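Trainee: Dropping a prediction and its sequence here:
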Amino acid sequence: MKRPRKSDFPVSQVRRYLEPGPIVLVSSRYQGETNIMTLGWQTILEFTPSLVGLMITAGNHSFELIRGSGECVINLPTTALTDIVCAIGNTSGSEIDKFASFGLTAEPASEVAAPLIGECHASFECRLHDDALVERYNFFIFEVVKAHVAKSPKHPETLHYTGDGVFMVAGRIIRRRSLFRPELLDWSAPGGTFSSRGCRLGEVAWQGSRLLAWRDPRSFVFQNAFAGVMARITGQAAAAAARCLIVWPETMWPVAAKIWASESSKSLARR
Ligand SMILES: Cc1cc2nc3c(=O)[nH]c(=O)nc-3n(C[C@H](O)[C@H](O)[C@H](O)COP(=O)(O)O)c2cc1C
């Protein structure tokens, strides 16, 4: 079976793959035992920290392994793995070794003990962030601490379960960027990525070593100046309306600092 080559991917952007609600394969390891389960009830909860919620029924063998270790890996299968997705979701790790039985490759993760599934398009290493809802709802809140994604295809053919043994398949892409408020979009510009998400008021946040997110609550003059800079650099007039939360690629910080200084002194002079 094909094993796509995966590269590092920003954890704050795993929503790109999970927000459409695909079926995932959750791998786990505890006290030397490894397992996989199929899971459809997952949801993105936050960009930074990168939080994902999983509903894992307590009767599943995976529940014990994940509860015990406080870790798992969320793997994204495509239609190439449809029959294996069904088999994994209809057998128990208390009876069989699912990696061996279904010919899957357990690859070492870098931040958790649970293995990545080599044959999947993407793998997100997770650590338990909050277990407040586990007792009552079997709902685990995980932080994605490392993400690995195959470079192509850009839009993998993922499985979306509708119940009763029937899946829908991801396919057609519809673009409607022009109908979105700027702060709801990811900004792409020559030299890097702009994103209007990922940090709260007054926070300065690193995303890996590449990006800086800045939201400055002290002066709305600065905020407007910053939005102005973004508009100029991206050439998107609509960005002028963005509400001040901007992520700069590191290579552009010196340019940004210069323009920002000049824009804010102009704004102050106008006051
Ligand atoms: C398409 C599909 C979706 C599933 N979604 C979930 C889910 O969201 N949560 C869950 O607890 N079990 C879900 N299951 C059931 C588990 O995958 C199943 O109980 C599995 O046998 C558990 O394996 P384990 O006992 O080795 O952990 C799903 C199964 C299938 C086939």
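Mentor: Thanks, I have the structure now. Residues are numbered from 1 along each chain as shown.
Trainee: Could you list the contact residues of the stretch 101-250 of the chain toward the ligand?
Mentor: Within the stretch 101-250 of the chain, the positions adjacent to the ligand are residue 161 by Cβ under 6 Å from any ligand atom. No exception for glycine: its C-beta is placed from N, CA and C like everyone else's.
Trainee: Which parts of the stretch 101-250 of the chain are strands?
Mentor: 106-107, 116-117, 122-130, 139-150, 159-163, 166-169, 186-189, 192-195, 204-207, 211-214, 246-249 (DSSP state E, counting those that start in this stretch).
Trainee: Now do the contacts for whichever residue of the chain sits closest to the ligand.
Mentor: The minimum distance from the chain to the ligand, using Cβ to the nearest ligand atom, falls at residue 89 (2.6 Å). Contacts for residue 89 (Cβ atoms under 8 Å, 6 or more residues apart in numbering) come out as 37, 38.
Trainee: rerun that using 6 Å as the cut-off
Mentor: By Cβ atoms under 6 Å, 6 or more residues apart in numbering, residue 89 lies in contact with residue 38.
Trainee: With residue 78 as the reference, measure out to it.
Mentor: Distance from residue 89 to residue 78, counting by Cβ to Cβ, to the nearest Å: 16 Å.
Trainee: likewise residue 63?
Mentor: From residue 63 to residue 78 the distance is 26 Å (Cβ to Cβ).
Trainee: more crowded one of those two?
Mentor: residue 78 (22 against 17; other Cβ atoms under 10 Å).
Trainee: what sits against that one?
Mentor: By Cβ under 6 Å, 6+ apart, the neighbours of residue 78 are 121, 156, 157, 158.
Trainee: Neighbours of residue 164, how many?
Mentor: Residue 164: 5 neighbours (other Cβ under 10 Å).
Trainee: ugh, typo on my part, it should be residue 168
Mentor: 12.
Trainee: where does it land on pLDDT?
Mentor: If you check residue 168, the pLDDT there is 98.
Trainee: Excluding covalently adjacent residues, which one is nearest to it?
Mentor: residue 160 (4.4 Å; Cβ to Cβ, 6 or more residues apart in numbering).
Trainee: and stretch 167-185, C-alpha only, in CSV?
Mentor: C-alpha atoms of stretch 167-185 as CSV (Å, rounded to 0.1, in the frame of the first residue of the first chain):
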residue,chain,number,x,y,z
PHE,A,167,-19.9,7.2,3.3
MET,A,168,-19.8,10.4,1.3
VAL,A,169,-16.5,11.3,-0.5
ALA,A,170,-14.9,14.7,-0.5
GLY,A,171,-14.5,16.0,-4.0
ARG,A,172,-15.7,19.2,-5.6
ILE,A,173,-14.2,22.5,-4.5
ILE,A,174,-16.3,25.7,-4.4
ARG,A,175,-14.5,29.0,-3.8
ARG,A,176,-16.3,32.0,-2.3
ARG,A,177,-13.4,34.0,-0.7
SER,A,178,-15.0,37.3,-1.9
LEU,A,179,-18.0,36.7,0.2
PHE,A,180,-16.0,36.4,3.5
ARG,A,181,-15.0,39.1,6.0
PRO,A,182,-11.2,39.5,5.8
GLU,A,183,-10.6,38.4,9.4
LEU,A,184,-12.2,35.0,8.6
LEU,A,185,-9.7,34.3,5.8
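Trainee: Test my guess that residue 77 contacts residue 120.
Mentor: Yes: using Cβ atoms under 6 Å, residue 77 is in contact with residue 120, at 5.2 Å.
Trainee: So which of these two has more stuff around it?
Mentor: Taking other Cβ under 10 Å, residue 77 and residue 120 do not tie; residue 120 has more neighbours (28 against 25).
Trainee: Give me the nearest residue to the more buried one, chain neighbours excluded.
Mentor: That would be residue 75: by Cβ to Cβ, 6+ apart, it lies 3.9 Å from residue 120.
Trainee: Under the pLDDT cut-off, which ranges of the stretch 51-200 of the chain? List them.
Mentor: 181-200 (pLDDT under 70).
Trainee: secondary structure class for the residue nearest to residue 80 when sequence neighbours are not counted?
Mentor: Excluding the flanking residues, the one nearest residue 80 by Cβ to Cβ, 6+ apart is residue 2, at 6.9 Å. State at residue 2, reduced to three classes by DSSP: H, G, I helix; E, B strand; the rest coil: coil.
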